[in-house]
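K.L.:
no sequence on this one, just coordinates:
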């Protein structure tokens with residue numbers, strides 16, 4: 001396994017590099033081979049929070065409605081991640 005484990009896509013704006021590397025939210029997009037420090041695989045206990053989080057986007061037509069079973073199955077299959085704060 002050779003190569004880069006993590007990369008950052010950053011806009012060429014003044015201060016963007018420092019903001020990306022030294023703040024939680026950053027200014028660009030990070031692509032990582034491993035789970036990032038602040039992210040973990042979602043568990044079945046996260047289902048209600050995930051459904052609450054996506055509901056406004058479902059109402060706006062940006063996401064399709066998912067049922068509890070579908071989200072729980074995705075969590076159990078390690079297909080969803082949550083931000084730890």
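P.N.:
Happy to help now that I have it. All values reported here derive from a predicted model rather than from experimental measurement.
K.L.:
tell me which strands the lowest-mean-pLDDT helix or strand in the chain pairs with, and in which orientation.
P.N.:
Ranked by mean pLDDT, DSSP states H and E, the weakest helix or strand in the chain is strand 29-32, scoring a mean of 78. Strand pairing for strand 29-32, determined by DSSP bridges: strand 6-9 (antiparallel).
K.L.:
who touches the partner strand?
P.N.:
20-21, 26, 28-34 (C-beta atoms under 8 Å, 6 or more residues apart in numbering). Yep, even glycine has a C-beta here, placed from its N, CA and C like the rest.
K.L.:
I'd like the average pLDDT over the lengthiest helix in the chain.
P.N.:
Longest helix of the chain, by residue count under DSSP state H: helix 47-59. For helix 47-59, mean pLDDT is 93.
K.L.:
follow-up on the earlier one: buried ones among the contacts of strand 6-9?
P.N.:
20, 26 (16 or more other C-beta atoms under 10 Å).
K.L.:
does residue 70 lie in a helix or a strand, and which?
P.N.:
Per DSSP states H and E, residue 70 falls inside helix 68-76.
K.L.:
ditto for residue 62
P.N.:
Residue 62 belongs to no helix or strand, assigned by DSSP H and E.
K.L.:
count of neighbours near it?
P.N.:
Around residue 62 there are 9 other residues, counting by other C-beta atoms under 10 Å.
K.L.:
what's the distance between it and residue 55?
P.N.:
11 Å (C-beta to C-beta, to the nearest Å).
K.L.:
alright, I will stop here.
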